[in-house]
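Undergrad: sequence and computational prediction follow.
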Amino acid sequence: MESLKAIFSKYTAFFAGLLAYLGIWGVLVIATVDAVIPVIPLDPVIATYVYKDPGRFWLYCLMGAVGSSVGSLVPYWIGRAGGELFLLKRIDRKRLEDMRDRHERGEFFFIMIPSMLPPPTPMKLIILAAGVFEMRVPLFLAALFAGRMLRFLILSFFVVRFGPDIVHLFGNLFREHRTAVLLTFAALALAGLAWWWWKRSRTPKN
């Protein structure tokens, strides 16, 4: 146990030094790398940046969303190249068909809704599935960016309001009340889209 604590302390110290070295670009770098190989939880990173510099919260959210979207192209193309048999090595046929049904009902929300949610959402598996199902790349990037951006904006609001400890509180809440959290995020996503559509319909056309 002590050796594990020592390893974790060194791991944490290493990334703390790395983020200090990267400065404002730390969010973009970590988000991009984390989308390929999880190295450090992204939400606490963004929460720390926002807490220390709340005036630029929008920039950290933007960099996190862009990094996550670009980095996710790697597992997306792995899934696309590997095909259905590649995915069946990780899940059974029934789960694959369930995912395919959700994808066909709404490609955009197939990616957007899960990308708004924190761990333990199996995001890497969903991204692999998007590649296997040959989801169009522009739509994939748009959905992932929208979900991540909304997630980080909500996170930033709570961090500014309640402090960075909200990350751990929300993580515990998601594990214990997953269905309620999923429904809340879905309602927020639908409300945001409805507002966007309403604003767009009221904009005069040239």
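TA: Happy to help now that I have it.
Undergrad: going by C-alpha atoms from here, please, whenever you check contacts or count neighbours.
TA: Noted.
Undergrad: would you map the helices across the protein?
TA: Counting by DSSP state H, the chain has helices at residues 2-22, 26-36, 42-52, 57-71, 73-88, 93-105, 107-115, 123-132, 137-162, 166-176, 178-202.
Undergrad: low-scoring stretches of this protein, by residue?
TA: Low-confidence segments of the chain, defined by pLDDT under 70: 1-21, 164-206.
Undergrad: mind listing what's buried in stretch 40-58?
TA: Residues 42-51, 54, 57 are the ones in stretch 40-58 that count as buried (16 or more other C-alpha atoms under 10 Å).
Undergrad: can you pick out the most distant pair from these?
TA: Farthest-apart pair in the buried residues of stretch 40-58 is 42 and 54; separation 17.0 Å (C-alpha to C-alpha).
Undergrad: ok, and what's touching stretch 55-70?
TA: 25, 27-35, 46, 49-50, 141, 144-146, 148-149, 152-153, 156 (C-alpha atoms under 8 Å, 6 or more residues apart in numbering).
Undergrad: restrict that stretch to CA atoms and write it as PDB.
TA: Taking Å, rounded to 0.1, in the frame of the first residue of the first chain, the C-alpha atoms of stretch 55-70 are listed here in PDB:
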ATOM      1  CA  GLY A  55     -11.900  35.300 -16.100                       C
ATOM      2  CA  ARG A  56     -10.800  32.900 -18.900                       C
ATOM      3  CA  PHE A  57     -13.000  30.000 -18.100                       C
ATOM      4  CA  TRP A  58     -14.400  30.000 -21.700                       C
ATOM      5  CA  LEU A  59     -10.900  29.600 -23.100                       C
ATOM      6  CA  TYR A  60     -10.100  26.600 -20.900                       C
ATOM      7  CA  CYS A  61     -13.500  25.000 -21.900                       C
ATOM      8  CA  LEU A  62     -12.800  25.700 -25.500                       C
ATOM      9  CA  MET A  63      -9.300  24.200 -25.400                       C
ATOM     10  CA  GLY A  64     -10.600  21.100 -23.500                       C
ATOM     11  CA  ALA A  65     -13.400  20.600 -26.100                       C
ATOM     12  CA  VAL A  66     -11.100  21.000 -29.000                       C
ATOM     13  CA  GLY A  67      -8.400  18.800 -27.600                       C
ATOM     14  CA  SER A  68     -10.900  16.000 -26.700                       C
ATOM     15  CA  SER A  69     -12.400  16.200 -30.200                       C
ATOM     16  CA  VAL A  70      -9.100  16.100 -32.100                       C
END
